[in-house]
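> Make a model of this:
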Amino acid sequence: MKLNVNLGEKSYEIFIERGVLRRAADLIAEVFHGKKIMIISDDRVYGYYGEVLKEQLQTKWECYEAVVPHGEASKSMAILPEIYGKLLQAKLSRSDLIVALGGGVVGDMAGFAAATYLRGIPFIQIPTSLLAQVDSSVGGKVAVDLKEGKNLVGAFYQPKLVLIDPDVLSTLPKRYINDGMGEVIKYGCIKDRGLFDILKKARSFEGLGEELTGVIARCVDIKRQIVEEDQYDTGERMLLNFGHTLGHAVEQKFAYERESHGEAVAVGMYQITKISEKKGMTEEGTAEELRKVLESYDLPISAGVKMKELKAAMMLDKKNLNDRLRIILIKKMGESFIFPTDVAFFEDDITV
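Numbers count the residues shown, from 1 in each chain. Here you go, the predicted structure:
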């Protein structure tokens, strides 16, 4: 399947198909006409797919690699000098290319490096985690973390191409699959009751079977439409942050070492829906329906933290404008809205 993200001169194509990694060089050649490519990856992903990709690319271009340690810690300001150094050693110019081969950490960090090296060089996303395939590889948000919070230094910088190969998910540990399913479930909650029902019926990642490629494509298509309407995250694109205000606060509370991103988002989605349902803003029974689906995909619904311990991190949230939070709530499953409020929306004594 091929989708086009229509952003004028920043438009690009997304290919979603099994085995697409094996023809990456030919597809890249359609959008890139420079001389050099730097593959940025992590030590786990590169071991599986790095040399396979590099062998292809070397038939057409000079090819180099920069491999960072896996994990959220690599998505930091501290790792960037090493990446910039590798780019300089290879003498990459603004007419050359970065290829991000990896999950969300690699995609965000490599994209930020691409946006800032020489004031911007082209990059391509080849996401290898479920979370990156359905969410972070599309839309041009690139960033690194600070100790105070996630994605606090970043840019909007669109890729030239996105290649999504569901076959690479076979090498992911189960927790990484669950992590991605947190974002998949999010799309059903905010925009697509039918997608939510497919996930509810399947009850597990394995239960999706042959529907997996279609589920990935549906998530990507929802994001594509939202990004086309709101490239710079000032309106409808905020809906994609359902569960993230609380989820990011949970991640930051434990220094990104306990809950994964998808796990923290799952906690955030359930807890905020429980709160909004109690306030009469969400259809009765929605939180319980969401809880059952999250738990069927082995995702947590609680982090065991008092809300008052998370409020400082929430005030640093990028959706906090003039001390007002734009939180995302669901009216009913498949229908979401932006609700301007402040941290008083969250009662101190609630355990999340």
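> what pLDDT, on average, does stretch 204-211 get?
Average pLDDT, stretch 204-211: 94.
> Relative to the whole chain's centre, how far out is that stretch?
21 Å (C-alpha atoms, centre = their mean, to the nearest Å).
> Over to stretch 241-254?
Centre-to-centre, stretch 241-254 and its host chain are 14 Å apart (C-alpha atoms, centre = their mean).
> Please renumber the chain so that the first residue is 10 from this point on.
Let's use 10 as the start, then, which means that last one is stretch 250-263.
> Residues contacting it, please?
157-160, 191, 195, 198-199, 268, 270, 273-281, 312, 314, 318-320, 322-323, 326, 328, 334, 336-339, 345, 355, 361 (C-beta atoms under 8 Å, 6 or more residues apart in numbering). All C-beta atoms are positioned from the backbone trio N, CA, C, and that covers glycine.
> Which helix or which strand is home to Asp357?
When elements are assigned from DSSP states H and E, Asp357 belongs to no helix and no strand.
> In contact with Tyr58: list those residues for me.
Leu30, Ser50, Leu110, Thr137, Val177 are the contacts of Tyr58 under C-beta under 8 Å, 6+ apart.
> Which one of the residues you listed sits in the busiest neighbourhood?
When neighbours are counted by other C-beta atoms under 10 Å, Leu110 leads those with 31 neighbours.
> I figured that one hits Asp52, correct?
No: Leu110 is beyond contact range of Asp52, at 11.8 Å (criterion: C-beta atoms under 8 Å).
> any idea which element the residue nearest to Arg333 when sequence neighbours are not counted lies in?
Leaving aside its sequence neighbours, Arg333 sits nearest to Pro349 (C-beta to C-beta, 6 or more residues apart in numbering; 5.3 Å). Assigned by DSSP H and E, Pro349 belongs to strand 344-350.
> helices and strands around that strand, which ones?
Using 3 or more C-beta pairs under 8 Å, 6 or more residues apart in numbering; DSSP states H and E, the elements in contact with strand 344-350 are helix 183-200, strand 333-341.
> What are the buried residues along the shortest one?
When burial is assessed from 16 or more other C-beta atoms under 10 Å, strand 333-341 yields the following buried residues: Leu334, Arg335, Ile336, Ile337, Leu338, Ile339.
> what's the closest of these to Val147?
Using C-beta to C-beta, Ile337 is the member of the buried residues of strand 333-341 that sits closest to Val147, with 18.4 Å.
> Look up how far Gly294 lies from the residue sitting nearest the centre point of the chain.
The centroid of the chain falls nearest to Ser145 when counting by C-alpha atoms, centre = their mean (2.7 Å). According to C-beta to C-beta, to the nearest Å, Ser145 stands 31 Å off from Gly294.
> ditto for Leu161
36 Å.
> Between those two, which has more neighbouring residues?
Remark: of Leu161 and Gly294, Leu161 carries more neighbours, 15 against 11, as counted by other C-beta under 10 Å.
> Would you confirm that the more buried one contacts Asp154?
Yes: between Leu161 and Asp154 there is a contact under C-beta under 8 Å: 6.9 Å.
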